[in-house]
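A.B. asks: Structure for the following, please:
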Amino acid sequence: MDDLEEYIKERKAKSEDFAKDFEKGYDNFRIGYLLKQARKTAGITQEQLAFKLKTKKSAISRIENHADDIRLSTLKNYIEALDRKLDINIL
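C.D. replies: Below you'll find the predicted structure:
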């Protein structure tokens, strides 16, 4: 375990609020990261995707970098524009 992981572990143990906020923030980061990777794998730029979705490049960037509170319809449209399938699991 590196220093950052150790710090996060210690902070989570000390603060329930930190643990809750960290996990939420990480989940949002992960969604944005996965969307960006799907776009790159499809070989599509943000500009090209924005054109397909009839929006602006800044909107695509915002989705990829700040995926908090993304609407399901937006997520579905984003994925479909990449000719991908959205699969949601509830565990």
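
A.B. asks: what stretches of this structure score poorly on pLDDT?
C.D. replies: Within the chain, the segments meeting pLDDT under 70 span 1.

A.B. asks: For it, which segments count as helices?
C.D. replies: For the chain, the helices defined by DSSP state H cover 3-14, 16-41, 46-52, 57-65, 72-81.

A.B. asks: So which elements touch the last one?
C.D. replies: Applying 3 or more Cβ pairs under 8 Å, 6 or more residues apart in numbering; DSSP states H and E, one finds that helix 72-81 contacts helix 16-41, helix 46-52. All C-beta atoms are positioned from the backbone trio N, CA, C, and that covers glycine.

A.B. asks: could you say what helices and strands the longest one packs with?
C.D. replies: Packed against helix 16-41, as judged by 3+ Cβ pairs under 8 Å, 6+ apart, are the following elements: helix 3-14, helix 57-65, helix 72-81.

A.B. asks: give the contact list for the residue sitting nearest the centre point of the chain.
C.D. replies: With distances taken as Cα atoms, centre = their mean, the residue of the chain nearest its centroid is Gly32 (1.8 Å). Listed by Cβ atoms under 8 Å, 6 or more residues apart in numbering, the contact set of Gly32 reads Ile63, Glu64, Asn65, His66, Ala67.

A.B. asks: Check the gap between it and Ala81 for me.
C.D. replies: 16 Å (Cβ to Cβ, to the nearest Å).

A.B. asks: count of residues packed around the closest residue to Gln46 other than its chain neighbours?
C.D. replies: Among residues not flanking Gln46 along the chain, Ile60 sits closest, at 4.3 Å (Cβ to Cβ, 6 or more residues apart in numbering). By other Cβ atoms under 10 Å, the residues close to Ile60 number 25.

A.B. asks: now swap in Lys54 and tell me
C.D. replies: Neighbours of Lys54 using other Cβ under 10 Å come to 9.

A.B. asks: Please apply the same query to Asp83.
C.D. replies: Look at Asp83: counted by other Cβ under 10 Å, it has 8 neighbours.
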